[in-house]
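> predicted model and sequence below, questions to follow.
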Amino acid sequence: MKFLSLILILAIPLLSSCSSSKLVNEWRSPEAVNFEANKVLVIGLANDKELRRQFETELTSQLEKNNVTAVRSIDFFETAFTDERKSEEELNKIEQQLLQAGFDAILFSKVTGSEDKVTAVQQMRNLNDTFRNFKEDFYESQDLYSSRITYESYTLYHAETNLYCICVEKERELLWSGNIDIVESPNRNRGIRDYIKTLIEILDERQLLIVDL
């Protein structure tokens, strides 16, 4: 599977805000066993250049703290790299540039969509509690029919991160793909940190890039 063909996807804004994130599904190649890269290129696909810079900087920093040599794409590519569509020939040349520069992995993140959500907020009860029986559940849920219930709306972002191997003499293959949902928050910095924290924890648990000796 060619990694760089995915760059042809139209750039959409990387998450602009979020407060919590959760892995919803993932796929892992059977060959991705304790995969440790010598040098990984970090790409955050976004049409907001400042957001892209912020995301790549934070993710690169966290990888470095885990003894992973990481480079921001904004430091490797020209700033106009994602502004125009690339031909297959151009993408092949870029692949060779990455190999010659010593990269053997790419961590590629993007937002794939979003949806608006509405949730009911009960005034009289912590919804995190567990009902013990039907009577309790029904009794405390009756306010859903009254004006005492309030509703909150929020945006749920769907993000995807893919880990590719660009090892010499091997197909540019997908090693791991994870879909992470992010709940909107007014604090963009916190949202980025939260997403990256979740991603780093997953990579550590799966022994991908972050490999415990």
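In hand now; what should we look at?

> against Phe77, how distant is Ile106?
Shown here: Ile106 relative to Phe77, a distance of 12 Å by Cβ to Cβ, to the nearest Å. Any C-beta I mention is one placed from the backbone N, CA and C, and that applies to glycine too.

> comparing these two, which residue is more hemmed in?
Each of Ile106 and Phe77 has its neighbours counted (other Cβ atoms under 10 Å); Ile106 has more, 23 against 16.

> how would you label the more buried one: helix, strand or coil?
Secondary structure for Ile106, judged by DSSP: H, G, I helix; E, B strand; the rest coil, is strand.

> so it sits right up against Ile94, yeah?
No - counting by Cβ atoms under 8 Å, Ile106 stays clear of Ile94, with 10.8 Å between them.

> how about the helices in the protein?
Per DSSP state H, the chain carries helices over the ranges 49-65, 73-76, 88-100, 134-141, 188-205.

> skipping its backbone neighbours, what lies nearest Glu56 in space?
In this structure, Glu56 finds its nearest non-sequential neighbour in Arg72, 4.1 Å apart by Cβ to Cβ, 6 or more residues apart in numbering.

> list the contacts of that neighbour.
For Arg72, the residues meeting the contact criterion (Cβ atoms under 8 Å, 6 or more residues apart in numbering) are 42, 53, 56-57, 60.

> mind putting those in JSON lines, neighbour count included?
Shown next, in JSON lines, are these (neighbours: other Cβ atoms under 10 Å):
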{"residue": "Val42", "neighbour count": "26"}
{"residue": "Arg53", "neighbour count": "17"}
{"residue": "Glu56", "neighbour count": "24"}
{"residue": "Thr57", "neighbour count": "16"}
{"residue": "Thr60", "neighbour count": "24"}
